[in-house]
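K.L.:
I would like to see how this sequence folds:
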Amino acid sequence: MSEQLTVSQEFLQRALGFGEGGDPQTVAVLPDALPDDFPLTLPELPGLRVLGSVRSVAPRWTFQYPQGAEDRPPEQRLWRAFLDVALPLAETMSRFQAALRAGGWQAVQPFAQTFVEAEQSQWMAVHPERVQQFSVQVRQQGDLTQVWLNVHDSDARQIGHLLGRHDDPAFQAQEAPLPTLTLPPGWRAQLQQGSGRAVRSEEYGLRASGDAAGPDLLPHLLPQLQEQGWQLLQHEGEVSVYRTAQGVGTLLLPTGEEGGRAAIVHISDGSRGAGQ
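P.N.:
Residues are numbered from 1 along each chain as shown. Predicted coordinates:
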């Protein structure tokens, strides 16, 4: 049983949200319950327990576009909910995804990451008709899966961007594609930075948890690279070099048992002529 902590309502309201018009007293902090206007219907799951929720608003960033700014409220609603579910992590995630898709939500991935965790712990979706964004994060804790849900208002342009509908010519530039590599079970990946177009690169922090630690990731990833057209040319220490259909790729992987920095670069043959 979790330890009980007594705090003031004013502290929670100011710590957990931005209120309507900047007034923290309009932040709703609801132990063991969801707000009346919570925009999701939770799936029926074994042992589902609602620890609590927070409803607040956040300032809406406004960008000027060539076509003119959209007429939008200056604030957006934000709902957060915290749950426990008596199911394994993978099944919990699968059940939430199925329920959301049945309700008209569409999966999105703002950045198509190279390194993918074997057990998906995060998922994002949008609802074009409601003009809202959703994210779920899960974590295994003993026999339970801990769940964090986030929903907030968005705008049509942002929804379209997340669904890959880019009307900015900069997004139409040819990019050197990167492979999708599934890590061994127990490995976690955190994207740190990246750049695109004809020279594409990404940097990650990779770490192993529990019994997942191993001496070398490359033997696990090499068959996946080969299936996606990355043919190994040279391998020495942490660095391996590949020939691809578009150019040359380089992969840096940590050799320590607990992980470390990883990086991948893909240079297209056409990049040498860019700008000429």
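K.L.:
residue ranges for the helices of the stretch 101-250 of the chain, please.
P.N.:
Secondary structure of the stretch 101-250 of the chain (DSSP state H, counting those that start in this stretch): helices at 156-162, 218-227.
K.L.:
Packed most tightly, which of the ones you listed would that be?
P.N.:
Of all these, helix 156-162 carries the top mean neighbour count, a mean of 16, counting by mean count of other Cβ atoms under 10 Å. C-betas here are computed from N, CA, C, even on glycine.
K.L.:
which helices and strands sit right next to that one?
P.N.:
strand 122-127, strand 132-141 (3 or more Cβ pairs under 8 Å, 6 or more residues apart in numbering; DSSP states H and E).
K.L.:
what about stretch 82-91, distance to the chain center?
P.N.:
Remark: stretch 82-91 is offset 18 Å from the chain centroid, using Cα atoms, centre = their mean, to the nearest Å.
K.L.:
Likewise for stretch 193-204?
P.N.:
With Cα atoms, centre = their mean, you get 17 Å for stretch 193-204.
K.L.:
how far does it stretch from start to finish?
P.N.:
Distance across stretch 193-204, first residue to last, is 7 Å (Cα to Cα, to the nearest Å).
K.L.:
now swap in stretch 103-117 and tell me
P.N.:
So stretch 103-117: terminal residues 26 Å apart, Cα to Cα.
K.L.:
Would you mark the buried spots in that stretch?
P.N.:
For stretch 103-117, a neighbour-count test (16 or more other Cβ atoms under 10 Å) marks Trp105, Val108, Gln113, Thr114, Phe115, Glu117 as buried.
K.L.:
same thing with stretch 28-48?
P.N.:
Applying 16+ other Cβ under 10 Å to stretch 28-48 flags Ala28, Val29, Leu34, Phe38, Leu40, Leu42, Pro43, Leu45 as buried.
K.L.:
Grab the nearest non-local neighbour of the fourth one.
P.N.:
Once its chain neighbours are removed from consideration, Phe38 has its nearest residue in Trp79; the separation is 5.6 Å (Cβ to Cβ, 6 or more residues apart in numbering).
K.L.:
Listing partners with orientation, what would you give for the host helix or strand of the one you found?
P.N.:
Element membership for Trp79 (DSSP states H and E) is strand 75-85. Sheet pairing of strand 75-85 (DSSP bridges) gives strand 49-59 (antiparallel), strand 144-153 (antiparallel).
K.L.:
Pick the most buried one from those strands.
P.N.:
Each of these was scored by mean neighbour count; the highest is strand 144-153, a mean of 19, by mean count of other Cβ under 10 Å.
K.L.:
Identify all contacting residues around that one.
P.N.:
Outside strand 144-153, the residues within contact range by Cβ atoms under 8 Å, 6 or more residues apart in numbering are 38-40, 47, 58, 60, 73, 76-89, 92, 96, 131-140.
K.L.:
what about the stretch 151-276 of the chain, any weak spots by pLDDT?
P.N.:
Within the stretch 151-276 of the chain, the ranges that satisfy pLDDT under 70 run 166-175, 210-215, 270-276.
K.L.:
residues in contact with the strand holding Trp79?
P.N.:
With Cβ under 8 Å, 6+ apart, strand 75-85 has contacts from 17, 20-21, 34-35, 37-39, 42, 45-60, 92, 144-154.
K.L.:
How far away from the center of its chain is that strand?
P.N.:
16 Å.
K.L.:
Gly260 against Gly205, yeah?
P.N.:
Yes - using Cβ atoms under 8 Å, Gly260 is in contact with Gly205, at 7.5 Å.
K.L.:
sorry, back to before: kindly reformat the buried residues of stretch 28-48 as a markdown table and extend each row with distance to Gly186.
P.N.:
Below are those laid out as a markdown table (distance: Cβ to Cβ, whole Å):
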| residue | distance to Gly186 |
| --- | --- |
| Ala28 | 38 |
| Val29 | 35 |
| Leu34 | 33 |
| Phe38 | 33 |
| Leu40 | 30 |
| Leu42 | 29 |
| Pro43 | 27 |
| Leu45 | 24 |
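K.L.:
now, which of those lie within strands?
P.N.:
Ala28, Val29 (DSSP state E).
K.L.:
residues near Gly142, how many?
P.N.:
By the criterion of other Cβ atoms under 10 Å, Gly142 has 6 neighbours.
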